[in-house]
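S.K.: one predicted model, sequence on top.
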Amino acid sequence: MPGAYDQSQEDLAGLLGDAPSFRTRQVWDGLYRRVLRPSEMTDLPLALRDLLDAALPPALEPVAERSSDDDQTTKWSFRLHDGAVVETVLMHYPDRSTVCVSSQAGCAMACSFCATGQSGFRRHLTSGEILEQVAVAVRAARPRRLSNIVFMGMGEPLANFDNLWPAIERIHDDFGLGARSMTVSTVGIIPGIRRLTAAPLPVGLAVSLHAATEELRNELVPINKRYPIPALMEACVDYRAETGRRVSFEWAMIDGINDDDRQAEELARLATGVRAHVNLIPLNPTPGYPVRGTPRARIEEFRSILEQRGTTVTIRSTRGSDIDAACGQLAATATATATATATPVVLREP
Ligand code: SAH
């Protein structure tokens, strides 16, 4: 069953039948400008509200909601109409509020250290299922304004380009966020990067690199065998040239695996070639990968090696790791299927 955010304006007009045509505009504004549920659109006659409510039930049924970091981080698990489960994370910072949205239920990329990758692929999300995650975040963020969207939740967004792109357009045109406020993160699907390069909105591009040599990257990020590093770097150079947007490289710091001097030097070389920014992510623990994260002191050394070679580096804060909401920890299939009940369970951290 399609959700409200899978409807085009024409679909809505069809649903509203004989109602005057300005009602379609009203419902659209209700969904995107005011971000209301149909039952809350009190400027509509009750009969229309009831009709919409029945025809367009939420596509996302909350299964669990958990908060941490002094309520500055919230993670939701949502069950979809077919029982698939996805997770969404909202993070407040002093200067911005960012939602991390899922683009697929599960993921087919099978990166060894990523919990989503360990759980396998279930299906692509529809544009509406992506958009409804944004709507939930807009509502939950109030009175603050949701300012940023990162496609860094479950799934590989560029493997679902056909549903991702319409969602990005709607976030831009209808929710009213700028292209600069959105970042698509990819494991390095080159045809997807090419399509993004040709697309009209210059969103940010983050590439999950994690290894700077073919041998190691083949191991950590298996899709590297299909899209090897030199071709990936070429796609990044072109992305920057065409869109004017700086590319960033994501690098989960894994103790004794990708944190040696050689990797740092090779990474600096790649980053220089693309003029990319490097984002170091302390490894978050996942059940299927019994390897430790790099100790903090070594992360700092790794950072210095990059900086000495002229690369700009940030170290990502690990939000929500205590509620399995941090990078690479989203793995709703296992946990939420077990907790799924007829009534939504709302968990709150003390
Ligand atoms: N498939 C896309 C979107 C997922 S984004 C991509 O790979 O970019 C999630 C980010 O968290 C990616 O950079 C991913 O590589 C990283 N990540 C995955 N597992 C992690 C872990 N256990 N610790 C830290 N970062 C992890």
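M.R.: On my side now, so go ahead. All of these numbers come straight from a predicted model, not from anything done at the bench. Residues are numbered from 1 along each chain as shown.
S.K.: report how many residues lie close to the spatially closest residue to Ile149 that is not a sequence neighbour.
M.R.: Using C-beta to C-beta, 6 or more residues apart in numbering and skipping residues adjacent in sequence, the residue nearest Ile149 is Met182, 4.8 Å away. The way it works is simple: take the backbone N, C-alpha and C, and place the C-beta from them, glycine included. Neighbour count of Met182, defined by other C-beta atoms under 10 Å: 20.
S.K.: wouldn't Met182 be in contact with Met152 here?
M.R.: No. Judged on C-beta atoms under 8 Å, Met182 makes no contact with Met152 at a distance of 10.9 Å.
S.K.: pLDDT below threshold where in this protein?
M.R.: Within the chain, the ranges that satisfy pLDDT under 70 run 1-2, 333-350.
S.K.: recalculate using a threshold of 90.
M.R.: 1-3, 119, 285, 287-288, 290, 317-319, 321-329, 331-350 (pLDDT under 90).
S.K.: ranges for the strands of it?
M.R.: According to DSSP state E, the chain carries its strands in the segments 61-68, 73-79, 85-93, 96-100, 104-106, 121-124, 148-151, 182-186, 204-208, 247-253, 277-282, 313-315.
S.K.: contact residues of the stretch 51-200 of the chain facing the ligand?
M.R.: The stretch 51-200 of the chain comes close to the ligand at residues Met109, Cys111, Phe113, Cys114, Met152, Glu156, Ser185, Thr186, Val187, as judged by C-beta under 6 Å from any ligand atom.
S.K.: determine which two of those residues are furthest apart.
M.R.: Across those, no pair lies farther apart than Phe113 and Thr186, at 16.5 Å, counting by C-beta to C-beta.
S.K.: okay, the two: which has more neighbours?
M.R.: Neighbours were counted for Phe113 and for Thr186 using other C-beta under 10 Å; Thr186 has more, 25 against 22.
S.K.: who's in contact with the spatially closest residue to the more buried one that is not a sequence neighbour?
M.R.: Spatial nearest neighbour of Thr186, chain neighbours left out: Leu158 (4.5 Å); criterion: C-beta to C-beta, 6+ apart. By C-beta atoms under 8 Å, 6 or more residues apart in numbering, the residues touching Leu158 are Leu164, Val184, Thr186, Ile189, Pro191, Gly192, Ile193, Arg195, Leu196.
S.K.: which members of the residues you listed are classed as buried?
M.R.: Buried members of these, counted by 16 or more other C-beta atoms under 10 Å: Leu164, Val184, Thr186, Ile189, Gly192, Ile193, Leu196.
S.K.: doesn't Ala206 make contact with the third one?
M.R.: Okay, so that is Thr186. Yes. The criterion here is C-beta under 8 Å, and Thr186 meets it with Ala206 at 7.3 Å.
S.K.: and Pro200, how many neighbours?
M.R.: 9.
S.K.: separation between it and Thr243?
M.R.: 10 Å (C-beta to C-beta, to the nearest Å).
S.K.: same thing with Leu330?
M.R.: For Leu330, the distance to Thr243 (C-beta to C-beta) stands at 27 Å.
S.K.: between these two, tell me which one has more neighbours.
M.R.: Leu330 (30 against 20).
S.K.: now do the contacts for the more buried one.
M.R.: Glu87, Val89, Ser102, Ala115, Thr116, Gly153, Met154, Asp324.
S.K.: wait, which of the residues you listed is closest to Arg298?
M.R.: Ala115 (23.3 Å).
S.K.: quick check, the closest one in contact with Leu283.
M.R.: No. Judged on C-beta under 8 Å, Ala115 makes no contact with Leu283 at a distance of 11.6 Å.
S.K.: between these two, which contacts overlap?
M.R.: By the contact definition C-beta under 8 Å, 6+ apart, Ala115 and Leu283 are jointly contacted by Gly328.
S.K.: of those two, who's got more company?
M.R.: It is Ala115, of Ala115 and Leu283, that has more neighbours when counted by other C-beta under 10 Å, with 26 against 23.
S.K.: now do the contacts for the more buried one.
M.R.: Thr286, Pro287, Gly288, Asp324, Gly328, Gln329, Leu330, Ala331.
S.K.: and for Met41?
M.R.: Gln26, Val27, Gly30, Arg34, Arg49, Leu52.
S.K.: out of those residues, which is most surrounded?
M.R.: Val27 (27 neighbours).
S.K.: excluding covalently adjacent residues, which one is nearest to it?
M.R.: Leu12 (5.5 Å).
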